[in-house]
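Colleague: show me how the following folds:
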Amino acid sequence: MTTLAIAARSPRTRALAIVVAAGALALSAQFALPIPGTPVPLTLQPLLVVVAGLLLGPADAAAAMVLYLIAGAVGLPVFAPMGLPGLARLLGPTGGYLLAYPVAAAVAGRLGAGRPGFSVRALAAMTGILVIYLGGLAQLTIISGSLSTAALLGVLPFVAADAVKALVAAAVSAPRRRPTV
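Modeller: Numbers count the residues shown, from 1 in each chain. The predicted model follows:
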């Protein structure tokens, strides 16, 4: 399915997909593994962010991420179960990652949605995860006062797991082939 085909879906289908993606992201946040020495937990959220981009396309995926952020900011329990609640979460150590989700989903979607090549989708997913890292790195740098400390706390512990997530995202987002008759 091309990005044009994704955009051509009915408004009802698109709205449902946005809500489902936001809900899946909220569910994935509940499985958070604390990493010793860093305030950032390991979650499946980067996977869901880039999968949303690859499956929904840039606009709908970004909308799903914004819906997720709004739900969390108003106090719904959609963020990882550790850390500050509500709007305060967006100002804490994980806030930069969270705020980068709409851009990351849009980037992954723009680069890889509907593309038949696994390597193109994997590169799109990795680029989306890089956008998440940049958001997290920016906020952690402000909080810690050090770019190197921010990188050690908020990027290095997650690179290997997130590379695997990008590959999984590329695999599960392969466009469906229509049967030929």
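
Colleague: in the longest helix seen in the chain, what's buried?
Modeller: Of all the segments of type helix in the chain, defined by DSSP state H, the longest one is helix 118-144. Under the neighbour-count criterion of 16 or more other Cβ atoms under 10 Å, helix 118-144 has 121-141, 143-144 buried. No exception for glycine: its C-beta is placed from N, CA and C like everyone else's.

Colleague: which stretches in this structure count as helices?
Modeller: Under DSSP H, the chain gives helices at 3-7, 11-29, 45-56, 58-73, 95-112, 118-144, 147-154, 159-172.

Colleague: what's the closest residue to residue 54 other than its chain neighbours in contact with, if anything?
Modeller: Distances taken as Cβ to Cβ, 6 or more residues apart in numbering put residue 173 closest to residue 54, at 3.6 Å, once the chain neighbours are dropped. Each residue near residue 173 by Cβ atoms under 8 Å, 6 or more residues apart in numbering is listed here: 51, 54-55, 112-113, 121, 125.

Colleague: residue 173 and residue 84, how far apart?
Modeller: 32 Å (Cβ to Cβ, to the nearest Å).

Colleague: swap in residue 34?
Modeller: Taking Cβ to Cβ, one finds residue 34 at 15 Å from residue 84.

Colleague: so what's the residue most central in space within the chain up against?
Modeller: Taking Cα atoms, centre = their mean, the centroid of the chain lies closest to residue 49, which sits 2.3 Å from it. Neighbouring residues of residue 49 by Cβ under 8 Å, 6+ apart: 25, 61, 65, 101, 104-105, 108, 128-129, 132.

Colleague: shaky segments in this protein?
Modeller: 1-7, 178-181 (pLDDT under 70).

Colleague: return the set of buried residues in stretch 61-76.
Modeller: For stretch 61-76, by 16+ other Cβ under 10 Å, it's 61-65, 67-69, 71-73.

Colleague: nearest to residue 159 among the residues you listed?
Modeller: Closest approach between those and residue 159, by Cβ to Cβ: residue 65, at 21.8 Å.

Colleague: I figured that closest one hits residue 99, correct?
Modeller: No: counting by Cβ atoms under 8 Å, residue 65 stays clear of residue 99, with 9.5 Å between them.
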